[in-house]
Structure formats: C-alpha cells, structure tokens
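S.K.: from the sequence below, what's the structure:
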Amino acid sequence: MTPGELLEFERAWPRHTGAKEEAIIRQFDMKPARYYQLLHRAAGSLEGLAHDPFTARRVLRSAA
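M.R.: This next block holds a predicted model:
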C-alpha cells in the first residue's frame, strides 16, 4: 500500500468510528493501530504530502 492509498482512505473516513475500524481491517487486513502508524508515516513523507497535502497536514496536526 502506498502513502497515497492511505491518505485517500483517510480522506474518505475522517472520523474515527467503529465502522472505520471495520473498514480498515477489511480493506487493509491490519489492525487499526498499525493503520494509524502507517498513516502518520505516509502523511510525513514527501510522496504523501505531494499526493494530498490537505489530508496529510490534517493527519500531522492531529498527531501533535
């Protein structure tokens, strides 16, 4: 999975809900905690910032 794929998913599911957790497990076959680790890494990458700067910055702000 690429930083762009993670950021696109996050853009579609901006709120943390039970349904989002189920979608993470279904779509990425991973636990939500691992998804958030990879999402934050993707948001801080040059590829992620270039792909979707708005979502990447929102993710980075929420981690601060």
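
S.K.: distance check, the residue nearest the centre of the chain against L7.
M.R.: For the chain, the residue nearest the mean C-alpha position is L39 (3.8 Å; CA atoms, centre = their mean). Distance, L39 to L7, by CB to CB, to the nearest Å: 8 Å. The way it works is simple: take the backbone N, C-alpha and C, and place the C-beta from them, glycine included.

S.K.: before we move on, back to that, test my guess that the residue nearest to the centre of the chain contacts W13.
M.R.: No - the pair L39 / W13 is not scored as a contact, 10.7 Å apart, by CB atoms under 8 Å.

S.K.: returning to what we had before: overlap in contacts, L39 and L7.
M.R.: Each of V59 lies in contact with both L39 and L7 under the rule CB atoms under 8 Å, 6 or more residues apart in numbering.

S.K.: low-confidence ranges in this protein?
M.R.: The model of the chain has pLDDT under 70 over residues 64.

S.K.: output the longest helix belonging to it.
M.R.: helix 32-44 (DSSP state H).

S.K.: which strands and helices sit next to the next helix or strand after that helix?
M.R.: For helix 32-44, the following helix or strand on the C-terminal side (DSSP states H and E) is helix 46-51. Counting contacts by 3 or more CB pairs under 8 Å, 6 or more residues apart in numbering; DSSP states H and E, helix 46-51 is packed against helix 3-12, helix 53-63.

S.K.: okay, buried residues for helix 46-51 please.
M.R.: G48, L49, H51 (16 or more other CB atoms under 10 Å).
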